[in-house]
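>>> curious how this folds, go ahead:
(chains A and B)
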2 protein chains.
Amino acid sequence: MTENVTVAIDAMGGDHGPVVTVPAALKCLARDPGLTVVLVGLSEQIETQLRIHRVKSHPRLRIQHATEVVGMDDSPALAMRNKKDSSMRVSINLVKKAEADACVSAGNTGALMATARFVLKMLPGIERPAIASELPTIKGRTIMLDLGANVDCTPQHLLQFGIMGAILVAALDGCDAPSVGLLNIGEEEIKGNEIVKQAADLLRQSGLNFYGNIEGDDIYKGTTDVVVCDGFVGNVALKTSEGLAKMVSTMLREEFNRNGLTKLAGLIALPVLRAFKKRVDPRRYNGATLLGLRSIVVKSHGGADRFSFENAIERAVREVRNEVQQRITEKIALLQKDAA
Amino acid sequence: MTENVTVAIDAMGGDHGPVVTVPAALKCLARDPGLTVVLVGLSEQIETQLRIHRVKSHPRLRIQHATEVVGMDDSPALAMRNKKDSSMRVSINLVKKAEADACVSAGNTGALMATARFVLKMLPGIERPAIASELPTIKGRTIMLDLGANVDCTPQHLLQFGIMGAILVAALDGCDAPSVGLLNIGEEEIKGNEIVKQAADLLRQSGLNFYGNIEGDDIYKGTTDVVVCDGFVGNVALKTSEGLAKMVSTMLREEFNRNGLTKLAGLIALPVLRAFKKRVDPRRYNGATLLGLRSIVVKSHGGADRFSFENAIERAVREVRNEVQQRITEKIALLQKDAA
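Purely as a prediction, here's the structure:
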């Protein structure tokens, strides 16, 4: 597992830019002797960060200067058209030119998706990238997609998400036939809209290990290895979870801070609360894969801190080493052939 | 606030039937001197429960015998057609005949909706009932709708949800112009589907205090007093929240049960954990309103326990006393007139 991997890192992306991306890259380099990193962006700012972390040079790190930065609020279309020397675009170019095996960015999701799609192109038969991410469950973890790339999905899109998600899980976890669930609602009378019904039919005939319809609570129950939904529903479910998690932790903190006695109880319970927090820490799950492209692009949360961004880098490395891209490409090609 | 209110209770509904509904009704009767209750269902079973709770008779309680029970898995259409003497149907009939001001059931949601719609009819201009429920937020609480009645919504439906939700909050909380948020996703490029975009336009012109688009995390932040979405998205968001909450509490319990030391910490932290649990206890928020009908129908969670079912009864009482139904009827009539 120490196969050599080169990752292009959009050093300017995200809310914190090089302050986060550079030390995260250094940490990963120190841990992984097979990793080479290209830090892409304003070289002065990158060098400043390297100096702060007392790194003059590193045999497996190089800087690729890029003069522009895509802002978090830039329109994706404009970013793509007008910022051809952005750290994001240049990172993706490195993958295109096979100078890097994968690229990681915490930048503007829309711009990243549009640019990656334009530069790297989609796999034949896949129309749009899907955003796939790991989520913790009671049993372990699950992969959910799409988390916001596609608001209006056809049944065929949902089928493709199922296929790509299953391959991703199979490649990363080494499990043979990951179970795939289709996110739906439970009322008997209504049982989902037409698109979801048709998608269920397609998934049933797909040869995948299709579990059937699942409901929202099945995500965290870990009922299936893969959760398939359209990007609107997926994004709402993900953000709703973030909001609820934040509310829970805020309220827990408030209750433990109520008075001297509760503070003492909090102090005593601290190691337990920390262990709990570690288990559900969203930073451990940072790094969403843009599936369906011809190369690996990992999107980090924009607000990622160092630890969080390290996980996104490691996710990209894992995907390269587990040949996720080849497997998806082969499988999709096979399906195309079957369909022809 | 002790105005007389009569509530018809589907005593057979839910996973537990009279074992839960009868003692919950007795608790509410004891607390609220203005409340009269009609327990509808198999009179023998209801009487058994009354005996268990040592109640021979009560001046504000009567039993209405009904020979059939709608099962949780019954098809709504068949339940409506074939079970005309079900506890659910008879409860709704009592409201129709003005022998009760509202009805509460923990039974099959689809059947309840279909029957209520058939017997009570919709308000003019409203096509389907929406399921509205309160959720806790960091700031207090919010009303979200639709939570599963309508999978495919038009922009007009979403507008109607906004109007009904705002009136509900105004009536219950006495606030003048509750803020209304439209659930959407955040990516700049995509910003929701066409229906949501059009709904935003309608809401903007509606005269409501329309906040604009909100994202999933805004629900629990309490960004707006009302959250509007279609029933598919709302149901997924709600169930996802339930799943996450369950995972969090399971993991917390596991961490506190890890060893002797953590168990001791848990014992010390117990009062704080209890206070926390109380704040987010979903049982306190039990009782979803079916909005858009000509009378008040409250749906309790099927798995409700006694405490939980009490909250559903009290919700119905609060809505009657705050004239929610009249207010919605008047407002909708006004809008119809304006539109004509």
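
>>> tell me where chain A has helices.
A:18-31, A:43-52, A:76-82, A:87-96, A:109-120, A:155-173, A:194-204, A:216-221, A:231-256, A:260-280, A:306-321, A:324-339 (DSSP state H).

>>> mind listing what's buried in the longest one?
Translated: helix A:231-256. Buried residues in helix A:231-256, counted by 16 or more other CB atoms under 10 Å in any protein chain shown: A:231-245, A:247-248, A:251-252, A:255-256. To be clear about C-beta, it is placed using only N, CA and C from the backbone, and glycine gets the same treatment.

>>> which regions of the stretch 51-200 of chain A sit below the pLDDT cut-off?
A:187-192 (pLDDT under 70).

>>> which non-adjacent residue is nearest A:Glu47?
A:Ile63 (7.1 Å; CB to CB, 6 or more residues apart in numbering or on different chains).

>>> what's that neighbour in contact with, if anything?
A:38-40, A:43, A:46-47 (CB atoms under 8 Å, 6 or more residues apart in numbering or on different chains).

>>> one more: A:Pro155?
Counting by CB under 8 Å, 6+ apart, A:Pro155 has contacts A:195-196, A:198-199, A:201-202.

>>> mind doing that once more with 7 Å?
Listed by CB atoms under 7 Å, 6 or more residues apart in numbering or on different chains, the contact partners of A:Pro155 are A:195, A:198-199, A:202.

>>> so A:Val227 makes contact with A:Met144?
Yes: here A:Val227 reaches A:Met144: they are 4.1 Å apart, a contact under CB atoms under 7 Å.

>>> these two: which has the busier surroundings?
A:Val227 (30 against 25; other CB atoms under 10 Å in any protein chain shown).

>>> next, work out how far apart the more buried one and B:Thr109 are.
As judged by CB to CB, to the nearest Å, A:Val227 and B:Thr109 stand 23 Å apart.

>>> show me which residues of the stretch 101-250 of chain A sit near chain B.
When proximity is defined as CB under 7 Å from any CB of the partner chain, the stretch 101-250 of chain A approaches chain B at A:109-110, A:114, A:137-138, A:148, A:151-152, A:183, A:185, A:187-190, A:192-193, A:215-221, A:232-233, A:235-248, A:250.

>>> A:Leu123 touches A:Glu330, doesn't it?
No: if you go by CB under 7 Å, A:Leu123 and A:Glu330 don't touch, sitting 10.2 Å apart.

>>> so which residue is smack in the middle of chain A?
The structure's chain A has its C-alpha centroid closest to A:Ala288; by CA atoms, centre = their mean the separation is 0.4 Å.

>>> what's it in contact with, if anything?
Counting by CB under 7 Å, 6+ apart, A:Ala288 touches A:131-133, A:147, A:298-299.

>>> leaving out the residues flanking it, which one is nearest to it?
A:Ser133 (4.0 Å).

>>> number of nearby residues for the one you found?
Other residues near A:Ser133 come to 23 when the count uses other CB under 10 Å.

>>> okay, and the beta partners of it?
A:Ser133 has these beta-bridge partners by DSSP bridges: A:Met144.

>>> tell me which residues touch it, please.
Applying CB under 7 Å, 6+ apart, the residues near A:Ser133 are A:144, A:147, A:285, A:288.
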